[in-house]
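[1] sequence isn't available, so here's the structure alone:
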């Protein structure tokens with residue numbers, strides 16, 4: 001009779017009940033703050049004043065905060081900037097990571113060990129803020145969108161995970177393709193990548209979320225406020241209290257409407273920043289187990 005490990009055994013009725021209760025509490029703990037943020041962004045001044053802060057009970061819902069934000073143009077422009085940087089940056093990062101990981105996964109590749117050693121060395125030592133800035137400045141990237149993409153185009157962790165996954169692909173598969181006359185690029189395109197959809201989707205999500213949430217490079221390298229991505233606008237408004245609405249910053253209100261509550265506008269910006277990740281994540285979540293875990297444990 002085979003004895004299963006404790007974590008693989010079927011839980012008892014009490015254990016299943018406790019697990020269900022624990023998962024329910026965790027789910028509520030995650031969703032309730034999001035619920036308060038969304039509800040507050042849709043609340044009127046009276047509801048915010050009555051709640052004394054974040055609203056938990058619906059009362060007097062209004063889309064005035066979103067109308068005010070998109071009417072001004074600041075948030076609309078920043079959303080387009082963030083989307084462009086995320087799409088272009090993810091494409092570049094994923095391409096470079098795939099090519100580098102595949103090359104480093106081939107034992108006979110040129111300078112395989114020295115390059116792998118240099119990449120692993122970045123886990124221990126970072127270049128620092130000032131050398132990074134001097135490098136970006138010397139390349140003429142200051143006040144350009146490329147300064148938001150190129151300095152962090154490749155992450156060593158993502159590269160190592162993808163390399164480990166590529167090393168798990170049986171050599172017989174690639175060797176048979178070489179016998180048929182396929183070169184390395186064709187092997188990568190037609191054999192390796194189709195077998196690595198899970199890890200590729202996960203690494204792509206990691207890069208996309210990193211680009212979407214990044215704000216420090218924009219603060220450091222962008223002098224033109226019109227080029228700010230959404231996260232910098234969010235930081236300026238929520239953390240520093242700088243308003244984007246007209247009565248305080250010159251954008252202007254919609255005709256016949258009073259200014260929405262400041263807290264509602266802050267929460268509306270937070271919601272706008274959250275939406276893309278919330279929409280994309282469910283389509284990629286199923287790849288996490290077989291993508292990252294398999295690639296990280298084996299090899």
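    Received it, and whenever you're ready, just let me know what you need. Predicted model only: the values in this text are computed from it and were never measured.
[2] next up, the contacts around the closest residue in space to residue 60 that isn't next to it in sequence.
    The shortest distance from residue 60 to any non-neighbouring residue, by C-beta to C-beta, 6 or more residues apart in numbering, is to residue 44 (4.0 Å). For every residue, glycine as well, the C-beta is placed using N, CA and C. Taking C-beta atoms under 8 Å, 6 or more residues apart in numbering, we find residue 44 in contact with 59, 60, 61, 62, 64, 260, 261, 264.
[3] out of these, which are buried?
    Listed as buried from the contacts of residue 44 are 62, 64, 260, 261, 264; burial here means 16 or more other C-beta atoms under 10 Å.
[4] of those residues, which is the nearest to residue 213?
    For the buried ones among the contacts of residue 44, the minimum distance to residue 213 (C-beta to C-beta) is 22.5 Å, reached by residue 264.
[5] hang on, isn't the closest one packed against residue 65?
    Yes - if you go by C-beta atoms under 8 Å, residue 264 and residue 65 touch, sitting 4.1 Å apart.
[6] any buried residues in the host helix or strand of residue 37, and which?
    Here residue 37, judged by DSSP states H and E, is contained in helix 13-41. Using 16+ other C-beta under 10 Å as the test for burial, helix 13-41 gives 36, 37, 38, 39, 40, 41.
[7] turn those into JSON lines, including pLDDT.
    Formatted as JSON lines, these follow (pLDDT from 0 to 100):
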{"residue": "36", "pLDDT": "92"}
{"residue": "37", "pLDDT": "91"}
{"residue": "38", "pLDDT": "91"}
{"residue": "39", "pLDDT": "91"}
{"residue": "40", "pLDDT": "90"}
{"residue": "41", "pLDDT": "88"}
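[8] so which of the residues you listed is the closest to residue 99?
    residue 37 (39.8 Å).
[9] give me the nearest residue to the closest one, chain neighbours excluded.
    With C-beta to C-beta, 6+ apart, the residue lying closest to residue 37 is residue 267, at 4.9 Å.
[10] what about the residue nearest the centre of the chain, distance to residue 65?
    In the chain, the residue lying closest to the centroid (C-alpha atoms, centre = their mean) is residue 209, at 0.7 Å. Remark: distance between residue 209 and residue 65 (C-beta to C-beta, to the nearest Å) = 25 Å.
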